[in-house]
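Undergrad: Output the structure for:
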Amino acid sequence: MRVSIAGFGLIGGSIARALHERGAAGQWHVTAWSRNPAPVQTALADGVVDVAAATLEEAVRGADLIILAAPPLTCLELIDELGGPLRGAVSEDCTITDVVSAKARVVARADAVELPFIGGHPMAGRELSGYGAALPDLFVGRPWVTVLGQYARLCDGERVGELIDTCGALQIPMRAAAHDSAVAAISHMPLVISAALVEAVAGGPGEPEHADWQAAGSLAATGWAGMTRLARGEPGMGAGIAATNSAAIASRLRDVRAVIDAWLSELERDGGPDADALLTRFTSARERLVEPDGK
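TA: Just a heads-up that it's a prediction; the model follows:
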């Protein structure tokens, strides 16, 4: 199968590595393109991709499967290009998918230009970014959500399914709204909370550094590192995620705000907080996460 990967960071690079190392001999022919050509050239030298395309048009021409693996807002632009100026370069038999972590807006954009599209979201990642962090087994055993576009055909589902199988992932068909609400809860809202925590303690955009940040930062250990891990990611990716799933994230943030207000009420109770009530809250939270066998 002739595959074109447009965008070549951690996810696109890991897909290329998976197809190269896990696919059968001759099963996949991979062309890659990125607005930054350096990682594609490195992958070509590594033997991970077969062709390093100079342009998006060159990359998609003749492809059986196009994988949009750029940041979220860039993927929207690429869909417009494939459905507009580059429509003639895309074979009528071609399947188009993506790896963006919000699905409703992306699938709707593909439907608007009548592309044969299946939205995809491999639920895997790393704290590191870029092709240099790519791993061939990044997706093994991980969910890979798929959302059917309006113009998706049987052959499109078969191709995307073959891609997911080769990467070792588990296909999870979902509706776009259900997916976006779920990932807002477990991934996107935590990303915003992580950034907000840094802003609250160290200072936000345009603010001077908070007076006690140097002292607090010098004492920070694993708790702070764990809570702020997501804020250490690539800012452009975070902005794209927030922009493409804004309504679902805002809804989840309101849920968090309501719970924080309840915590404030308890902590600021006249006469001091009720230690038993605090214990109940911490115990309840722990029990939601810890399985009976302690895992």
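
Undergrad: Which residue ranges make up each domain of this protein?
TA: Following automatic domain parsing, one finds the domains of the chain at 2-174, 179-289.

Undergrad: Mind putting those domains into CSV with mean pLDDT and mean neighbour count?
TA: (Each C-beta comes from the backbone N, C-alpha and C, glycine too.) Converted to CSV, the domains of the chain look like this (pLDDT from 0 to 100; neighbours: other CB atoms under 10 Å):
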stretch, mean pLDDT, mean neighbour count
domain 2-174, 96, 19
domain 179-289, 95, 14
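
Undergrad: Which residues are in contact with the residue nearest the centre of the chain?
TA: The centroid of the chain falls nearest to residue 101 when counting by CA atoms, centre = their mean (3.8 Å). Neighbouring residues of residue 101 by CB atoms under 8 Å, 6 or more residues apart in numbering: 72, 121, 183, 187, 188, 241, 245.

Undergrad: one more time with 10 Å
TA: Contacts of residue 101 were listed using CB atoms under 10 Å, 6 or more residues apart in numbering, and they are 11, 72, 121-123, 125, 145, 179-180, 183-184, 187-188, 191, 237, 240-241, 244-245.

Undergrad: One more: residue 129?
TA: So residue 129 contacts 9, 10, 11, 13, 233, 234, 236, 237 (CB under 10 Å, 6+ apart).

Undergrad: where does it land in three-state SS?
TA: coil (DSSP: H, G, I helix; E, B strand; the rest coil).

Undergrad: Leaving out the residues flanking it, which one is nearest to it?
TA: residue 234 (4.8 Å; CB to CB, 6 or more residues apart in numbering).

Undergrad: That neighbour is in contact with residue 11, isn't it?
TA: No - if you go by CB atoms under 10 Å, residue 234 and residue 11 don't touch, sitting 11.8 Å apart.

Undergrad: could you check the distance from residue 136 over to residue 18?
TA: 5 Å (CB to CB, to the nearest Å).

Undergrad: Doesn't residue 66 lie inside a strand?
TA: Yes - according to three-state DSSP, the state of residue 66 is that of a strand.

Undergrad: returning to that earlier point: export the contacts of residue 129 to CSV and append columns for secondary structure and distance to residue 151.
TA: Compiled in CSV, the contacts of residue 129 are given as follows (DSSP: H, G, I helix; E, B strand; the rest coil; distance: CB to CB, whole Å):
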residue, secondary structure, distance to residue 151
9, coil, 27
10, helix, 29
11, helix, 24
13, helix, 29
233, coil, 33
234, coil, 32
236, helix, 30
237, helix, 28
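
Undergrad: which one among these gets closest to residue 42?
TA: residue 13 (9.0 Å; CB to CB).

Undergrad: from what I can see the closest one touches residue 42, true?
TA: Yes - counting by CB under 10 Å, residue 42 is a contact partner of residue 13 at 9.0 Å.

Undergrad: how about residue 121, secondary structure?
TA: strand.

Undergrad: need the contact list for it.
TA: 11, 97-103, 106, 143-147, 172, 174, 179-180, 183, 187.

Undergrad: Sort out for me which of those are in strands.
TA: Using DSSP state E to define strands, the subset of the contacts of residue 121 located there is 97, 98, 143, 144, 145, 146, 147, 172.

Undergrad: can you redo those residues as JSON lines with distance to residue 261?
TA: Listed next are the ones in strands among the contacts of residue 121 as JSON lines, based on distance: CB to CB, whole Å:
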{"residue": "97", "distance to residue 261": "41"}
{"residue": "98", "distance to residue 261": "37"}
{"residue": "143", "distance to residue 261": "33"}
{"residue": "144", "distance to residue 261": "37"}
{"residue": "145", "distance to residue 261": "32"}
{"residue": "146", "distance to residue 261": "38"}
{"residue": "147", "distance to residue 261": "34"}
{"residue": "172", "distance to residue 261": "34"}
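
Undergrad: now, which of those sits nearest residue 160?
TA: residue 97 (5.2 Å).
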